[in-house]
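Q: Have a look; sequence and predicted model below, questions after that.
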Amino acid sequence: MRWKQPVGHFFTGTSVNADVLKSIGLRVAAIVCDEEICHRICLQGLEATAARPKFTTENGNDVYTMYDPPHLIKNLRNNMLRYDILIGNDVVSFDITFPHYLIMNRLAFCVLCLN
């Protein structure tokens, strides 16, 4: 089994320079970030897109990029609170799903209390 270890975490106030990431000198397998504009600018500089979520470093390593799943879930929730989602002729509304959320939340709490 090959182990993976996170080696960096950066707080930036501006966009991250894509050239620095390409020439970091480590074998980077993936970059995970939230959807802040500075990160989107960096991913554009690395030419990573939804259709092609990877780029190749100067030494030939493929580096995959992805948005942080908890942030994606949070953004989906926030958008569902504000807007209904139209899929074909069907409407997905938080007004409909919220009671199910409350039931699942109570069940999860009960399971935690039993353990």
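A: Perfect, thanks for sending it.
Q: How far off centre is the lengthiest strand in the chain?
A: Criterion DSSP state E: the longest strand present in the chain is strand 62-67. Here strand 62-67 is found 10 Å from its chain centre; the criterion is Cα atoms, centre = their mean, to the nearest Å.
Q: Name every strand pairing with it and say which way it goes.
A: strand 30-33 (parallel), strand 54-56 (antiparallel) (DSSP bridges).
Q: Show me which positions of it end up buried.
A: In terms of neighbour count (16 or more other Cβ atoms under 10 Å), strand 62-67 has its buried residues at 63, 65, 67. To be clear about C-beta, it is placed using only N, CA and C from the backbone, and glycine gets the same treatment.
Q: what does stretch 47-58 give?
A: 48, 54-55, 57.
Q: Give me the domain ranges for the protein.
A: Domain assignment for the chain by automatic domain parsing gives 18-67, 70-114.
Q: With Ile73 as the reference, measure out to the nearest residue to Cys33 once chain neighbours are set aside.
A: Closest residue to Cys33 apart from its sequence neighbours, by Cβ to Cβ, 6 or more residues apart in numbering: His39 at 4.1 Å. Here the criterion is Cβ to Cβ, to the nearest Å. By it, His39 lies 17 Å from Ile73.
Q: So these two - more neighbours on which side?
A: Neighbour count, other Cβ atoms under 10 Å: between His39 and Ile73, His39 has more, with 19 against 10.
Q: Can you say which helix or strand has that one in it?
A: helix 37-45 (DSSP states H and E).
Q: Okay, buried residues for that helix please.
A: Quick answer for helix 37-45 (16+ other Cβ under 10 Å): 39, 42-43, 45.
Q: and of the residues you listed, the nearest to Tyr101?
A: For these, the minimum distance to Tyr101 (Cβ to Cβ) is 28.7 Å, reached by His39.
Q: Hmm, the closest one is touching Val32, no?
A: No. Look at His39 against Val32 with Cβ atoms under 8 Å: they stay out of range, at 9.8 Å.
Q: residues in contact with stretch 58-75?
A: Contact partners of stretch 58-75, identified using Cβ atoms under 8 Å, 6 or more residues apart in numbering, comprise 21-23, 27-35, 43, 46, 48, 53-57.
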